[in-house]
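[1] I need the structure of the sequence given here:
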Amino acid sequence: MKKQTGRDWPIASYLRVIPFGHQALQQRRNVPLEFDPGVLPYANNWHFSPFSWRHAKTYEQGPDHDTVTGCWGANYRRMSRIFGDPGLNHFGRVEGLESATEETFRLGRLFRPSLYYRNASLVEIRNAVLRGEDIRLGLEVGSEWYDPPQGRIEFNSVGWEPLGSHAVPLGEYDPKEDRYYFENSWGYQWGGKGLSEDSRPYGCGSIPGILIQQRVVESWTGMPVGLDIPSRPDLGFRELHWKWIQEADFGVHVREIREGENRCGWAFCIARDGYLTVDEFFVAPEYRARGFARLLCKAVQDLAEVVKKPIRLLLSFAESGAESKEMRDAVARMFGVTWRPSKTRFCYMVADSRAEVSILPAWDRIPCSPATILERLRPLSETPIYDKRIFSVHFGTDRQKRARPNGVAFADTRGRRLHLGTASVSVPSTHRFGSIGRWHSRRWPKGNDDHLRVLNITPKSSDDFARDAGGMRLQIGDDCRHLLFIHGYNVSFEEATIRCAQLGFDLKVSGHTFLYSWPSAGRMLRYRHDEATVEAAFPYFCDYMELIASQLDGEGLSVITHSMGNRLIVRWLEQQRVVRPNLQSLAFCAADVDTDTFSNGLKSLSGIAGQATIYVAVGDIPLFMSKFVHGYNRAGIAPPFIQVAGAETVAVKGLNLFDLGHTYFGSAAALLHDQYECFHYGVAARFRQRLSPMQREDGTEYWSLDVSSG
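    The predicted structure is shown next:
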C-alpha cells in the first residue's frame, strides 16, 4: 500500500494515551501514523467488499434485513471503523455475515479507517478530492442515473423527482468542466471509463458541482484503511486524544475510547465557522450504558476550553428517524445545547447554545433513504416501445430442410449438408428479461402474450450469408461485437432460434447474433439420438465457424454453448489448425461432456479466448441422468469443481427445479447479467458484480453465483 501522493506522510500532531484509572502517559508530538504489519501481505491485492455494508444494514435493520435497500453513509463509516473490511478476496459480493469466519474478522480489523469526518460544503468536497482523499458522497438520485451516455449525468431541476439515495466514492475532479468523477458499484455495464482510460472494476460516471450542491445527502472523508496511530492495545481500556492535520488551518481532533483492539466510542471535532464542530459522536452498541458517552462529552468540553470556541453538534441523516430521537436528545442534554434544523443539505440538524427551538426541518422533506437500484432501466435516449420488435438470428444448421406453405422449416433428422439463413423473431413489448414467454395459465389472467415467436425463415446462399455477416462494423463502429449460441440436447430448431434471439436481445448484442443448430430431436426420450447426431454434425459446424471467421474481419465474437452442444465447441477448440475468429469470451454452460474429455481436450484456454467461464451446478437433473447413463462424471455438474487453465469456474446455486435445473443459462437473470459483463467487457470473475470467491480443497479458486433471487 502506497503513501498518499502530493502530500507528506500523515502524522498525529499530538497524541495522549490515558489508561483508565491512571494519569495520562507522556504526550507525544508529530507521531507518524503507520500500517499494521499484517496489512502488507494483502495490500496489493485488496479491493472493497460489502463486509462493512452488511454490518451497516444489520445495525439499521437488524439481522433479518432485506437485500434491496441500502444504508446511510454515516453508518457505513461507523461500521467500517468498528469491523473494517477484509477485502473482496475474503468476503464475496453476495455473502452473508453468518458465513464470515474468524479469519475474515481478523483481516477486517487490519483494514479499518482510523477516522473520518464530514465535508460541510462543496468547497471542502473539492479540496478533499484534490488531495486524493477517500470520499463517500451520498446523493439523491432520479431517472437521470439510469443509463447516462458515458456516465455523464447533468443537473436538471425541471420536473425532477427523487427515486432514492445512492452513495459513490469520488475520485477525480476536472476544474475546466467543474465535474467530479466516481466509480459506480452497478458494474461495468453502467457508465464509461472515467477521466483516465485505465481499466476499472466498475463503470465510471461524472457529475457537475451544481448537482452535488443541490442533491447532496451527506459527504464523508476517511483516512485510508489500515492506517492508524500507535496506541498500545496491551493497556486494555484507555482514552486516546490526538489530532490529524490535513492543512495548516484545518485538522480533525479525535477523542476516543478503546479496549484492546476494539473501538468503543469516539468523537471527531473540527474547528469550523467559529465553532468547535462535533462531526461525529458515537458509542458502539455493545458499549452503551457504561458511561462512555459522558466520558467523551467531558473530553470534548475540555478541548473546547483549550481552543476557546463554543461547541456545535451536527446530526447526520442516519439519526433523522423517530427511533433515534431519545438518543440524540440525551446527547444534546449532556452538552447543554439545543437541536434546531440545519440550513444546508449537508446535515440533518445542528445543536449549539443558541436558544432557538423549531419543530420544522429546514427542508420541505427528509431525503429518501438509501436504496440499491438493482438493474439498469431503459436508456433515456430509447423511445418507449409499444409494438413488437423484430430480432434477426443468422443461423447455420445441418438439419434436414423441409418445404412449408409459408416458407421452410428444419426437421430433427440429418440433412448431411450445411444450410444457412436468417430467422426473424418477434420480441413483444411485454418481454421480461430472461424469459421466452410464460405458460398459458400465467398469461391468461393478465390478458397479454409475452411469447417470442419465429415469424419467418429465409434460406441464404453462402455468398448472401457472408455479405450479411461482414460489413457490420460500417453500421456499428469499432465497438461491434457478435454472439454465437450453440444449443444442447432436447431442443428443436424453432426452440433454439427463440432462445438465441432472447439471449441476443437481453445481452444487447451490438453486432450479429449467430446460431448453430444441430439435429436434436427435441424430445426428452431421444437422448441416444441426440448423442449420435451431435457427433455427426461436427464437420458442418467446422465449415460454419470457418465461414464466420472469414467474414468478421477481426471483430469480437463471444460464444455461449449449452449442454450437449459443448461437445462441438470442445472438439473444435482441440483442433490446432482450424481458422478461428477473434474469440472475446467463451461460456461453457451445463456441459454434457465427460469431465476427463473436457479437461484433456482443453488443457489450457489461455491465449485462445480473452475470457472463458465454465458454469457448473449441483442440482442439474439431466446431467445427473447423463452421469448415470455414462457411468462417469459430466463437466457441468459439481462437485467436483472442474478446473481448466485459462478458464474460471462458476458454481451456480439456487436453480429452478421446474425446468429440471438445466436451462438456467438463459433464464436466470443473475447469470445473464454475469454474461453481460463478460460479453461487453470481458472482465475477470473477481470484478464481476454478482460472483463470490470460493476455494477448492487444494486451495485453488473458483466462484459462486446465486440465481435464486434473479
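[2] Next up, phi/psi of Phe493, please.
    Main-chain dihedrals, Phe493, degrees, to the nearest 10: phi -60, psi -40.
[3] so what's it closest to, chain neighbours aside?
    Distances taken as C-beta to C-beta, 6 or more residues apart in numbering put Phe410 closest to Phe493, at 4.1 Å, once the chain neighbours are dropped. All C-beta atoms are positioned from the backbone trio N, CA, C, and that covers glycine.
[4] what sits opposite that neighbour in the beta ladder?
    Here Phe410 sits in beta bridges with Lys401, going by DSSP bridges.
[5] Torsion angles phi and psi at His498?
    Not His; residue 498 is Ile. phi -70, psi -40.
[6] Setting the sequence-adjacent residues aside, check what's closest to it.
    Leu452 (4.8 Å).
[7] go on, Leu557?
    Leaving aside its sequence neighbours, Leu557 is closest to Pro581 (4.4 Å, by C-beta to C-beta, 6+ apart).
[8] re the thing from before, number of nearby residues for the residue nearest to Ile498?
    21 (other C-beta atoms under 10 Å).
[9] Contacts only, for it.
    Applying C-beta atoms under 8 Å, 6 or more residues apart in numbering to Leu452 gives the contacts Val425, Ser426, Val427, Pro428, His431, Ile436, Gly437, Ile498, Ala501, Gln502.
[10] That one and Ser424, how far apart?
    11 Å (C-beta to C-beta, to the nearest Å).
[11] Arg340 too?
    From Arg340 to Ser424 the distance is 66 Å (C-beta to C-beta).
[12] So if I had to pick from the two, which one is more boxed in?
    Shown here are Arg340 and Ser424; by other C-beta under 10 Å, Arg340 has more neighbours (19 against 16).
[13] Neighbouring strands of the helix or strand hosting the more buried one in the sheet, and parallel or not?
    Assigned by DSSP states H and E, Arg340 falls within strand 338-341. When pairing is defined by DSSP bridges, strand 338-341 lines up against strand 349-352 (antiparallel).
[14] Helix, strand, or coil at Ile18?
    strand (DSSP: H, G, I helix; E, B strand; the rest coil).
[15] That one contacts Phe237, doesn't it?
    No: with contact defined as C-beta atoms under 8 Å, Ile18 does not count as touching Phe237 (9.8 Å).
[16] hmm, who's touching the host helix or strand of Trp53?
    Using DSSP H and E, Trp53 sits within helix 51-61. By C-beta under 8 Å, 6+ apart, the list of residues contacting helix 51-61 from outside reads 65, 69-72, 75-76, 78-80, 82-86, 91, 95-97, 100, 104, 108, 285, 318.
[17] Which parts of it count as buried, going by neighbours?
    Neighbour counts over helix 51-61 (16 or more other C-beta atoms under 10 Å) mark Phe51, Ser52, Trp53, Arg54, His55, Ala56, Lys57, Thr58, Tyr59, Glu60 as buried.
[18] Can I get stretch 269-289 in CSV? Just the C-alpha atoms.
    Extracted in CSV, the C-alpha atoms of stretch 269-289 (Å, rounded to 0.1, in the frame of the first residue of the first chain):
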residue,chain,number,x,y,z
CYS,A,269,-14.1,17.5,16.2
ILE,A,270,-13.2,20.3,13.7
ALA,A,271,-12.7,24.0,14.3
ARG,A,272,-15.1,25.3,11.6
ASP,A,273,-17.1,28.6,11.2
GLY,A,274,-16.2,29.9,14.7
TYR,A,275,-17.3,26.7,16.4
LEU,A,276,-15.7,23.5,17.6
THR,A,277,-17.9,21.3,15.5
VAL,A,278,-18.5,17.8,16.6
ASP,A,279,-18.9,16.0,13.3
GLU,A,280,-19.4,12.5,14.8
PHE,A,281,-20.3,11.4,18.3
PHE,A,282,-20.8,7.7,18.5
VAL,A,283,-20.7,4.8,21.0
ALA,A,284,-20.7,1.3,19.7
PRO,A,285,-23.9,-0.6,20.7
GLU,A,286,-22.2,-3.2,22.8
TYR,A,287,-20.5,-0.5,24.9
ARG,A,288,-23.5,1.7,25.7
ALA,A,289,-25.0,2.3,29.2
